[in-house]
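Visitor: make a model of this:
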Amino acid sequence: MDGRGSSGITSGTLEETRSIAKEIAKRLIPGSVVALHGDLGAGKTTLASFLIEELTKTPNREISSPTFTYLHIYQGECPVFHFDLYRIANRATFIQMGFLDQLEEEGISIIEWPEIIEDLLPRDTLHVHLKHLGENRREIHVH
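Guide: Just a heads-up that it's a prediction; the model follows:
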């Protein structure tokens with residue numbers, strides 16, 4: 001992942017995915033937004049959990065997808081906002097729930113299913129596309 005354009009990586013194990021998350025986390029600073037794209041089962045929550053562990057310096061931290069609460073906040077050097085927008089009806093709901101405030105704070109936002117708020121994301125959002133290839137294999141593109 002050299003930071004130019006899109007980098008495609010194939011991960012065949014959880015440890016490889018954890019290593020990819022560590023590399024991504026090195027790029028992040030307060031105010032960063034990471035948009036995780038992919039179908040159900042592509043590994044978005046797994047990658048998000050590894051990112052959160054790395055950013056909060058809490059190995060083996062129990063991370064769950066905030067599907068029914070939409071947002072979990074984790075404390076680290078700066079707050080980490082983990083969004084799951086799978087069940088959000090539309091961008092107006094996102095705004096009405098006050099979530100736009102988190103995107104503007106000096107935390108790091110990790111967003112699963114970001115497509116519904118694509119036009120609200122900052123220009124420098126780091127987009128990560130995950131594709132399930134079978135078994136534990138995933139193709140991960142970062143741009």
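Visitor: beta partners for the most centrally placed residue in the chain?
Guide: Computing the C-alpha centroid of the chain and ranking residues by C-alpha atoms, centre = their mean puts residue 110 first, at 3.4 Å. Counting by DSSP bridges, residue 110 is bridged to residue 34, residue 82.
Visitor: where is the longest strand in this protein?
Guide: Longest strand in the chain by number of residues (criterion: DSSP state E): strand 126-134.
Visitor: can you tell me the strand partners of that strand and which way each runs?
Guide: strand 33-37 (parallel), strand 137-142 (antiparallel).
Visitor: list the buried residues of that strand.
Guide: 126, 127, 128, 129, 130, 131 (16 or more other C-beta atoms under 10 Å). (Glycine included, C-beta is placed from N, CA and C.)
Visitor: how about stretch 71-83?
Guide: Applying 16+ other C-beta under 10 Å to stretch 71-83 flags 71, 72, 74, 78, 79, 80, 81, 82, 83 as buried.
Visitor: ok now the longest strand of the chain, how far from the chain's centre?
Guide: Chain-centre distance of strand 126-134: 11 Å, with C-alpha atoms, centre = their mean, to the nearest Å.
Visitor: extract the C-alpha set from it and format it as CSV.
Guide: Extracted in CSV, the C-alpha atoms of strand 126-134 (Å, rounded to 0.1, in the frame of the first residue of the first chain):
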residue,chain,number,x,y,z
LEU,A,126,-10.0,6.5,2.6
HIS,A,127,-12.2,4.1,0.7
VAL,A,128,-11.6,0.3,1.3
HIS,A,129,-13.4,-2.1,-0.9
LEU,A,130,-13.7,-5.7,0.3
LYS,A,131,-14.7,-8.7,-1.8
HIS,A,132,-15.2,-12.2,-0.4
LEU,A,133,-13.3,-14.8,-2.5
GLY,A,134,-14.3,-17.9,-0.6
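Visitor: which residue sits closest to residue 135, ignoring its sequence neighbours?
Guide: residue 12 (7.8 Å; C-beta to C-beta, 6 or more residues apart in numbering).
Visitor: just the pLDDT for the one you found.
Guide: We have a pLDDT of 88 for residue 12.
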